[in-house]
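Asks: Generate a structure from the sequence data that follows.
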Amino acid sequence: GTGVPKFDAVVHFAAIARILITPDNECFRVNTMSTYNVMEAAVKLGIPKVVFASSETTYGICFADGERKPDYIPVDEYHPTVPEDSYAMSKVCNEACGAAFQARSGIDIYGLRINHVVSPEDYATDFPAYLANPDLRRRNFFAYIDARDLGQMVDRCLAVDGLGYEVFNVSNDDSSVGLSSPEVRARYYAGVPLRREMGETEPFFVSDKAKRLLGFAPQHSWRDEVG
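Replies: Here you go, the predicted model:
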């Protein structure tokens with residue numbers, strides 16, 4: 001007799017996690033329709049906020065066939081989203097749906113362009129190879145996001161209201177390779193315009209907007225985990 005339960009927000013991270021797990025059309029179908037359904041249900045039920053997982057892949061670098069370089073560095077949310085693969089296409093479509101549902105309803109809808117997620121146990125197993133061969137990190141902009149800091153990012157999204165529709169890059173402050181940022185730029189991004197000056201070990205996919213609007217403050221680094 002109490003009616004439909006009331007909820008403060010929906011956090012929607014469920015998806016086909018990348019290309020090559022399912023056929024391309026199935027990846028696109030599942031990722032777009034699930035996100036559409038979540039947003040539509042939230043709007044119709046009067047839930048005031050949706051936080052959903054977009055992706056670093058929207059910029060068209062990660063799953064490109066062959067090498068692609070960004071239009072400028074570091075990559076922020078104003079960089080064009082021009083993917084070629086079904087996974088990233090689905091994420092761009094989800095962002096368009098998010099903007100449309102927000103315009104229709106006025107609720108808050110925040111899309112998180114999440115970089116490569118690293119769990120604490122991954123540092124010891126994965127990062128020695130990244131330090132030995134920085135080429136392995138080119139498709140991820142030499143960036144990553146610690147799973148614990150991703151949790152903090154979600155918490156900040158839930159805490160800050162009234163932004164309407166926004167997309168946010170989500171990454172740690174630290175490059176995922178042993179080279180300095182100037183060394184990475186010289187080796188991998190020669191000729192790519194520099195949008196702003198960068199820190200000595202800053203990645204090339206940055207979360208400045210999340211820090212400014214949400215108070216996001218990543219706490220973790222591979223340097224604390226790998227000798």
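
Asks: Go through stretch 160-169 and flag the buried ones.
Replies: 160, 165-169 (16 or more other Cβ atoms under 10 Å). For the C-beta atoms, the positions are set from N, CA and C on the backbone; glycine is no exception.

Asks: Name the single longest helix found in this structure.
Replies: helix 24-45 (DSSP state H).

Asks: Counting by contacts, list what that one packs against.
Replies: strand 10-12, strand 49-55, helix 86-105 (3 or more Cβ pairs under 8 Å, 6 or more residues apart in numbering; DSSP states H and E).

Asks: Going by neighbour count, list what's buried in it.
Replies: For helix 24-45, burial by neighbour count (16+ other Cβ under 10 Å) applies to 27-28, 30-32, 34-36, 38-39, 42-43.

Asks: Could you report the neighbour count for E200?
Replies: 9 (other Cβ atoms under 10 Å).

Asks: for this protein, what spans make up the strands?
Replies: 10-12, 49-55, 108-114, 117-118, 145-146, 165-170 (DSSP state E).

Asks: Mean pLDDT added to these, as TSV?
Replies: Putting these into TSV (pLDDT from 0 to 100) gives the following:
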stretch	mean pLDDT
strand 10-12	98
strand 49-55	98
strand 108-114	98
strand 117-118	98
strand 145-146	98
strand 165-170	98
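
Asks: Run the angle between the longest helix of the chain and helix 86-105 for me.
Replies: 20 degrees (axes from the mean of the first three to the mean of the last three Cα atoms, to 10 degrees).

Asks: where's helix 24-45 relative to the chain centroid, distance-wise?
Replies: Counting by Cα atoms, centre = their mean, to the nearest Å, helix 24-45 is centred 18 Å from the centre of its parent chain.

Asks: And the contacts of it?
Replies: 4, 7, 10, 12, 14-16, 19, 21-22, 47, 49-50, 52, 85-87, 89-91, 93-94, 97-98, 101, 104-105, 107, 109 (Cβ atoms under 8 Å, 6 or more residues apart in numbering).

Asks: now swap in stretch 212-227 and tell me
Replies: By Cβ under 8 Å, 6+ apart, stretch 212-227 touches 118, 120, 123-124, 127-128, 131, 144-146, 148-149, 152-153, 156-157, 159-160, 163, 166, 168, 170-174, 176, 207, 210-211.

Asks: Buried residues of that stretch, list them for me.
Replies: 214, 216, 218, 220-222.

Asks: who touches I16 in this structure?
Replies: 22, 26-27, 30-31, 87.

Asks: same thing but 10 Å
Replies: The neighbours of I16, taking Cβ atoms under 10 Å, 6 or more residues apart in numbering as the test, are 22, 24, 26-31, 34, 86-87, 90.

Asks: ditto for G164
Replies: 99, 102-103, 106-110.

Asks: what about 7 Å?
Replies: G164 is in contact with 102, 108, counting by Cβ atoms under 7 Å, 6 or more residues apart in numbering.

Asks: And D65, by the same measure?
Replies: E84.

Asks: Derive a PyMOL selection command for the buried subset of the contacts of stretch 212-227.
Replies: Selecting only the buried entries of those in PyMOL, with 16+ other Cβ under 10 Å as the criterion:
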select buried, resi 118+123+127+144+145+146+149+152+153+156+157+160+166+168+170+171+172+173+174+176+207+210
